[in-house]
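Undergrad: need a 3D model of the sequence below.
(one chain, ligands or ions: 1)
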Amino acid sequence: MSQPTRRYITTPIYYASGDPHIGHAYTTILADVLARFDRLTGADVLFLTGTDEHGPKIEEEASRQSLSPIELCNLMAERFQAAWKTLEISHDRFIRTTEAEHKAVVTAFLERLWERGEIYEGPYSGWYCIHEERYWTEKDLGPNHSCPDCGRPVEHLHETNYFFKMGAYQDALISHIEDNPHWIVPEIRRNEILGFLRQPLGDLSISRPKSRVSWGITLPFDEDHVAYVWVDALINYLTASGAIDPGKVTGEQGFEDVSGSWWPVDLHIMGKDILTTHAVYWPTLLMGAGLPVFGQILAHGWWVVGEAKMSKSLGNVIDPLALREEFGTDAVRWYLLREMPTGGDASYTAERFLARYDELANVLGNLGSRVISMVWKYRDGVVPEALGNGLDTEITEAIRKATEAMAHYKVHEALAASMDLARIANGYVEDRQPWSQAKDPEASGDLDQTLATLTRALIVLCALFEPVTPAKMAEMALNLGLDGIPTLEESRSLELAGRRVSRGKPLFPRIEPSWAV
Ligand code: MSP
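TA: Numbers count the residues shown, from 1 in each chain. This next block holds a predicted model:
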């Protein structure tokens, strides 16, 4: 038997300074849907997420809350994990950058760059935004010396930093992007990075003096400095891969053979706001360390409210967990993934949320309850034996469309194709009129075929919808007498005849929202 495909998929690690909101939830659910779909097709998956816990931003927030930085991080790491649990995120590993293993890998990584002559010490003078954790040049700044991204005041810094010779990898990076047209998707983001690389690429400051920032990982070659939080954070992907055993790293040893590990990452998923760090800093750092670069980056768009990006500072953040309390996790997942074309922006509106919920209830939920109640009504709850499948072509086509769309990360299209199959199955009920077939003793075989065809469609839908609505599909699988969610292949071949179905609660009940639309 051939080995299952291995897929290593990551989300960014989220700052432990604020609560999870709809933006974090979207990135994570998108990664979850892709990871679940890969598992459905039989792949062996490592799905990584976690929290980014070092740096001045965390230090400041902790002091604002009269906590120590680690107390704040412990609290927030728990909150993120609790949020991901309620949102049915199926990550295999939750990494925290304050873990001992991660600190050791960052130390080994920096040591290696140092020994390879990739790092030098130099003066830094310029502007810094703590909120975005990034430097700005004078010409980038907004009015009154504000950060052009978040509008907060920036600080002027003049200090000694260590620099990574990033500029030396500019040509190698451009060639890599040109040789691998799908390395950064969607194309608009790839072009953005190629555009950015048309300017000379500077070196990257990778340290902060402890006199200013103490909450970080000490540099192995200068104990008065800590690693820049972005460098520390990016290395999480390497830590979790198991490629580097810090106990075995000595100078050049310990980095050569990554073959037994999960490294390299197959897919890094993130929002477009943090593309440069992932598409420029990260691969050049890996090149500097002599490690293979990752397989691909998928950059998604923003959830906006009206015209504005949802952000804590604007006070317009939608809390996904509050929506979830009324409509259930799966409804939130479905809305976020079905509504936003992967890669583009989308605007949150209550009307669209309700319209998408109605679709779940009226098309998929309705199909589930009517099929199961007909199997009860006409065949005492047991799926009959039947010749042929009335929707064979439609099922093949829906699976083909969904699989192809997922392969191109067009998740919204894959979900549309799956919902279309549910619509087609509802149409099939109308065409076949099982209530008339049931009255006609001559049509008993036809009725068997109608019921078996619809049960098959439901089982396939169970698999197709599992990545986006996993909890409800687990209920539906139970109602259909299945042991669990079938893989796509199993959903087509599982024996139907004799299967006992049970009437559960409606999957997507009618809900009157507590808020006005
Ligand atoms: N800690 C860094 C990432 C380090 S990864 C090595 C960070 N964290 S974050 O807490 O700001 O979360 C970033 C993720 O949340 C990005 O994928 C970003 O796009 C996403 N979102 C934050 N607000 C968003 C929206 N309004 N809409 C969609 N996603 C956005 O950056």
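Undergrad: give me the below-cutoff pLDDT ranges for the stretch 351-500 of the chain.
TA: The model of the stretch 351-500 of the chain has no residue with pLDDT under 70.
Undergrad: so the residue in the chain positioned nearest to the ligand bridges to which residues?
TA: Ranking the residues of the chain by distance to the ligand (CB to the nearest ligand atom) places G271 first, at 1.6 Å. C-beta: built from backbone N, CA, C; applies to glycine. Listed beta-bridge partners, G271: H300 (assigned using DSSP bridges).
Undergrad: and the helices in the stretch 151-300 of the chain?
TA: Ranges of helices in the stretch 151-300 of the chain, per DSSP state H, counting those that start in this stretch, are 170-179, 187-196, 229-234, 236-241, 275-276, 282-289.
Undergrad: what comes into contact with the fifth one?
TA: Taking contacts as CB atoms under 8 Å, 6 or more residues apart in numbering, the residues outside helix 275-276 that touch it are I184, R189, E192, I193, F196, I297, A299.
Undergrad: how near is the nearest residue to the third one once chain neighbours are set aside to E132?
TA: Nearest in space to E192, with sequence neighbours left out and distances taken as CB to CB, 6 or more residues apart in numbering, is L275 at 7.2 Å. Noted for L275: a distance of 14 Å to E132, by CB to CB, to the nearest Å.
Undergrad: for the helix or strand where E59 lies, buried residues please.
TA: Taking DSSP states H and E as the criterion, E59 maps to helix 56-64. Within helix 56-64, the residues that count as buried by 16 or more other CB atoms under 10 Å are P56, K57, I58, E59, E61, A62.
Undergrad: ok, now stretch 200-212?
TA: Across stretch 200-212, burial judged by 16+ other CB under 10 Å covers L201, D203, L204, S205, I206, S207, R208, P209, K210.
Undergrad: could the residues you listed be laid out in JSON lines, adding distance to the ligand and pLDDT?
TA: As requested, the buried residues of stretch 200-212 are exported to JSON lines (distance: CB to the nearest ligand atom, whole Å; pLDDT from 0 to 100):
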{"residue": "L201", "distance to the ligand": "19", "pLDDT": "97"}
{"residue": "D203", "distance to the ligand": "20", "pLDDT": "96"}
{"residue": "L204", "distance to the ligand": "14", "pLDDT": "96"}
{"residue": "S205", "distance to the ligand": "17", "pLDDT": "94"}
{"residue": "I206", "distance to the ligand": "14", "pLDDT": "97"}
{"residue": "S207", "distance to the ligand": "17", "pLDDT": "96"}
{"residue": "R208", "distance to the ligand": "16", "pLDDT": "93"}
{"residue": "P209", "distance to the ligand": "21", "pLDDT": "94"}
{"residue": "K210", "distance to the ligand": "21", "pLDDT": "96"}
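Undergrad: stretch 144-153: how far from the chain's middle?
TA: Relative to the centre of its chain, stretch 144-153 is centred 29 Å away, using CA atoms, centre = their mean, to the nearest Å.
Undergrad: which residue is the nearest non-sequential neighbour of K103?
TA: Nearest one to K103, counting by CB to CB, 6+ apart, is I217 at 5.3 Å.
Undergrad: meant to ask about Y169
TA: T284 (4.0 Å).
Undergrad: residues contacting that neighbour?
TA: Counting by CB under 8 Å, 6+ apart, T284 makes contact with F164, M166, Y169, A172, L173, L201, L204.
Undergrad: is the helix holding E59 up against the ligand anywhere?
TA: No: Helix 56-64 stays clear of the ligand (CB under 6 Å from any ligand atom), getting no nearer than 8.9 Å.
Undergrad: and that helix, what other elements does it pack with?
TA: helix 69-86 (3 or more CB pairs under 8 Å, 6 or more residues apart in numbering; DSSP states H and E).
Undergrad: ok, now with 10 Å
TA: Secondary-structure packing of helix 56-64 (3 or more CB pairs under 10 Å, 6 or more residues apart in numbering; DSSP states H and E): strand 6-15, helix 69-86, helix 229-234.
Undergrad: convert stretch 457-466 to CSV, retaining C-alpha atoms only.
TA: C-alpha atoms of stretch 457-466 as CSV (Å, rounded to 0.1, in the frame of the first residue of the first chain):
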residue,chain,number,x,y,z
ALA,A,457,-26.4,11.5,-0.9
LEU,A,458,-26.7,12.3,2.8
ILE,A,459,-23.7,10.1,3.6
VAL,A,460,-21.6,11.8,0.9
LEU,A,461,-22.8,15.2,2.2
CYS,A,462,-21.8,14.1,5.7
ALA,A,463,-18.2,13.7,4.5
LEU,A,464,-18.2,16.8,2.3
PHE,A,465,-19.5,19.1,5.1
GLU,A,466,-17.4,17.5,7.9
